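Engineer: whatever this is, show me its structure:
(one chain, ligands or ions: 1)
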Amino acid sequence: MTLREKLDALEALQAVDLEKADVLAEAAVIPVRRAELEVKIKASRRAYDEAKAKLEANERERRGLDQLLQMERDKVKKWEGRLGDIKTPREYAAMNREIEIAKKQNENANEQIRELTRAAGEIQRAIEVAEEAMVEREDEARTAVEALDGRQKEIDDRLRSYDERRAAAAAALEPPLLARYDSIRRRRPGAAIAHVIGGTCRGCHRNIPPQLVVVLARANSIETCPSCHRIIYNAEAVKPTAPGPA
Ligand SMILES: [Zn+2]
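Structural biologist: Just a heads-up that it's a prediction; the model follows:
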C-alpha cells in the first residue's frame, strides 16, 4: 500500500466516523426538543386549568351567597309579617330597625353576587382564550413530535447502516494503522487526520519541528503531530491518486 492509498483509506474511514458523530449529535438533541414541547403543552394546560378553577370558586361563592340571601330574605318576610302583632310602639320600632338593617345587608349581598357574576363573565372569556391557545399549542406540538419521530426513524436507519459501512472502510486498513487511528479517535472527538501546511499542523495550529517537516516532505511514512497526536501529512508531497477512467 502506498502512503497515498493508506491516507485515502484512513480518510474514507474518518468520513464514516465523522458523519456518524454528526448524526449521533443530532439524535441527542431529539429528547431535549421533546421535553421542550412537553413543557409548552403543560404550561398552556395549566393556564386553562387555573382559569377553570377560578370559575368554579366563583360559582361556589355565588351559590353560597345566594342561599344565604334567600334565607335572610325569608327572615325579613317573617319579621314583616309579625309587625302587625306587635303591641308596643317601642317593640315595633325595634323590629322595624332590625328589618332595615337586614334589608341593607341583603342589598350588599345582592351587590356582591352581581359583582361575582360580572367577574364570572370575564373568567369565562379568559377560559375561551386559554382553551383556544391550548388547542393550538397541542396541534403545533403534535406536528412537531411527528416530525421528530420521522427524523428519529431516519437517524436510526442511518445509524444501522454505519456498522456495515465502517466495517468495510476499516477492512481496507492494515490492522496496526487502524489501531493507531482508533486510539487517536478514542482520545479526542473529531478529525484524527490533519494536513500540514507551511510547517503548521492544521489540526492544532501548532508548528511542526523542522526535522519532521523534512520527513513529511519525503511522503513515505505515516507520521503524527507531536502536539495533538493526529496523523499528519503534507498534502502537496503526497501525490493525489490518479483519477481512474471515467
Ligand atoms: Zn497537531
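
Engineer: make it CA atoms for all contacts and neighbour counts henceforth
Structural biologist: Fine.

Engineer: what about the residue positioned nearest the centre of the chain, which helix or strand?
Structural biologist: Nearest residue to the geometric centre of the chain (CA atoms, centre = their mean): E36, 2.2 Å. Assigned by DSSP states H and E, E36 belongs to helix 3-82.

Engineer: any idea which helix or strand comes after that helix?
Structural biologist: Counting by DSSP H and E, what follows helix 3-82 is helix 89-171.

Engineer: so what's the residue nearest to the centre of the chain up against?
Structural biologist: Shown in contact with E36 (CA atoms under 8 Å, 6 or more residues apart in numbering): no residues.

Engineer: near the ion, which residues of the protein? Just list them.
Structural biologist: 201, 203-204, 225, 228 (CA under 5 Å from the ion).

Engineer: what's the closest of those residues to P175?
Structural biologist: Nearest to P175 out of the residues of the chain next to the ion is C225 (CA to CA; 20.5 Å).

Engineer: the closest one is in contact with G199, isn't it?
Structural biologist: No: the criterion here is CA atoms under 8 Å, and C225 misses it with G199 at 11.0 Å.

Engineer: common neighbours of these two, please.
Structural biologist: I208.

Engineer: these two: who's more crowded?
Structural biologist: C225 (24 against 18; other CA atoms under 10 Å).

Engineer: quick one: pLDDT of that one?
Structural biologist: For C225, the pLDDT comes out at 96.

Engineer: so where is this structure shaky, pLDDT-wise?
Structural biologist: The model of the chain has pLDDT under 70 over residues 240-246.

Engineer: ok, longest strand in it?
Structural biologist: strand 193-197 (DSSP state E).

Engineer: on contacts alone, who are the packing partners of it?
Structural biologist: strand 231-233 (3 or more CA pairs under 8 Å, 6 or more residues apart in numbering; DSSP states H and E).

Engineer: tell me how far the strand it packs on lies from the chain's centre.
Structural biologist: Taking the mean of its C-alpha atoms, strand 231-233 sits 41 Å from the chain's own mean (CA atoms, centre = their mean, to the nearest Å).

Engineer: can you check stretch 164-176 too?
Structural biologist: Worked out by CA atoms, centre = their mean, stretch 164-176 lies 38 Å from the chain centre.

Engineer: give the buried residues for that stretch.
Structural biologist: 165-166, 169-170, 172-173 (16 or more other CA atoms under 10 Å).

Engineer: give the contact list for the residue nearest to I197 when sequence neighbours are not counted.
Structural biologist: Leaving aside its chain neighbours, I197 sits nearest to N234 (6.7 Å; criterion: CA to CA, 6 or more residues apart in numbering). With contacts taken as CA under 8 Å, 6+ apart, N234 has the following neighbours: 195-197, 216-217, 219.

Engineer: show me the two of those residues that sit farthest apart.
Structural biologist: I197 and A219 (13.6 Å).

Engineer: out of these two, which sits in the busier spot?
Structural biologist: Taking neighbours as other CA under 10 Å, I197 and A219 compare with A219 leading, 19 against 16.

Engineer: ok, that one - contacts?
Structural biologist: Here A219 is in contact with 3, 233-234, 237-238 (criterion: CA under 8 Å, 6+ apart).

Engineer: from those residues, keep the buried residues only.
Structural biologist: Looks like those have 233-234, 238 buried, using 16+ other CA under 10 Å.

Engineer: for the nearest residue to R4 once chain neighbours are set aside, what are phi and psi?
Structural biologist: If the residues on either side of it in the chain are set aside, R4 comes closest to V238, at 6.2 Å by CA to CA, 6+ apart. The phi/psi pair for V238 (degrees, to the nearest 10) reads phi -80, psi 110.
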